[in-house]
Every structure is written in structure tokens, then in C-alpha cells.
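Novice: Mind folding the following:
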Amino acid sequence: MIILGDGEFDGIVFQATIAGYGWQYVCRTAKNAQLGVEGQVFSFHEVNVQPGERLGLTDVTFTLQAYGPILAVVWWETGYEEPIYLVTNMELVKEACHWYAKRFRIEMLFSDQNSRGFNLHQTHIAQPRRLARQMIAT
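Specialist: Numbering: from 1, shown residues only. Prediction:
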């Protein structure tokens, strides 16, 4: 199982729980998130990358509580204004980016179902069968 999450899912309790199940995760995090390597603490935004680059920092700790080791990824996709910052228990940068890229498809689906499209959140449908039929239709 692979869990993909945005910034609200980057907490160390969440990461430890998912890893404890034997699952893999890739979560976006903030550029000011703290990383540690061999006693040195720094923020993601201090890592120098250029547009079109992906950089992985292996065996780092995450937050001042030093959770880890994890793989930290700085990914600046060509055409974007700034990089994104990921934390994962995967071993390869390319694999983490591959899976995280799929998250955007999911995000678009949620957006279409809610505020930018069909406004399912305002239907007040409480019966699972009726909600399932509405989701199929949309």
C-alpha cells in the first residue's frame, strides 16, 4: 500500500503509523521543515536545486524530534515557479516522485466533486447508496 499526502499529512506520528503497517508513503511538506544529518540541522529551503532537478537526501531525520531516517526530496519540475518538498520512506527519489505525481489526479477529482464542480459537499446526501449513484453520475 502506498499513501500519498499533502502538507497536513507530514507529521511524524502519521509517518510512523504508516511505516508501522509496512506501507510506503510520500507526503508533501513545507520548505521550512527541519532536516538533520549527522548532528547538523537545516531547512529544506536551504537545499540548492534548479528548475528541472530532483535531489534526494538519504538517511536524514525529519523535524526537531529527529524522526527517521527518511528520504527527503526537493523536486523542482520544469515550468513551475518553485520546488516542492517531499518526505518518504521509499528508497528512490524517482519512485517517490512518480507516485506523488499521481496525487494531482486525485486532487482534481476531489475539486471536481466539490467546490469547483458538482458541489457534492452541499447535497447533504447521507445514504451511501444514493451518494454512490451521484458519484457515478458525476
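Novice: And what about T78, helix, strand or coil?
Specialist: Here T78 is recorded as coil under DSSP: H, G, I helix; E, B strand; the rest coil.
Novice: and the nearest residue in space to it that is not next to it in sequence, how many neighbours?
Specialist: Excluding its sequence neighbours, the residue lying closest to T78 (CB to CB, 6 or more residues apart in numbering) is G52, at 4.4 Å. For glycine as for every other residue, the C-beta is placed from the backbone atoms N, C-alpha and C. For G52, the neighbour count with other CB atoms under 10 Å is 11.
Novice: so the closest residue to T58 other than its chain neighbours bridges to which residues?
Specialist: Excluding the flanking residues, the one nearest T58 by CB to CB, 6+ apart is L71, at 5.6 Å. Note on L71: beta-bridge partners by DSSP bridges are T88.
Novice: so who does L71 touch?
Specialist: The contact partners of L71, taken as CB atoms under 8 Å, 6 or more residues apart in numbering, are 56-60, 87-93, 96.
Novice: how close does the residue most central in space within the chain get to N48?
Specialist: Central residue of the chain (CA atoms, centre = their mean): C27, 2.3 Å from the mean position. With distances taken as CB to CB, to the nearest Å, C27 is found 22 Å from N48.
Novice: before we move on, what about A33?
Specialist: Here the criterion is CB to CB. By it, A33 lies 16 Å from N48.
Novice: Those two: who's more crowded?
Specialist: The neighbour comparison of A33 against N48 (other CB under 10 Å) goes to A33, with 18 against 8.
Novice: Quick one: residues in contact with stretch 49-68.
Specialist: Under CB under 8 Å, 6+ apart, the answer for stretch 49-68 is 12, 15-16, 29, 33-37, 41, 47, 69-80, 83, 87, 92-94, 96-97.
Novice: List the buried residues for it?
Specialist: 54, 56-57, 60-63, 67-68 (16 or more other CB atoms under 10 Å).
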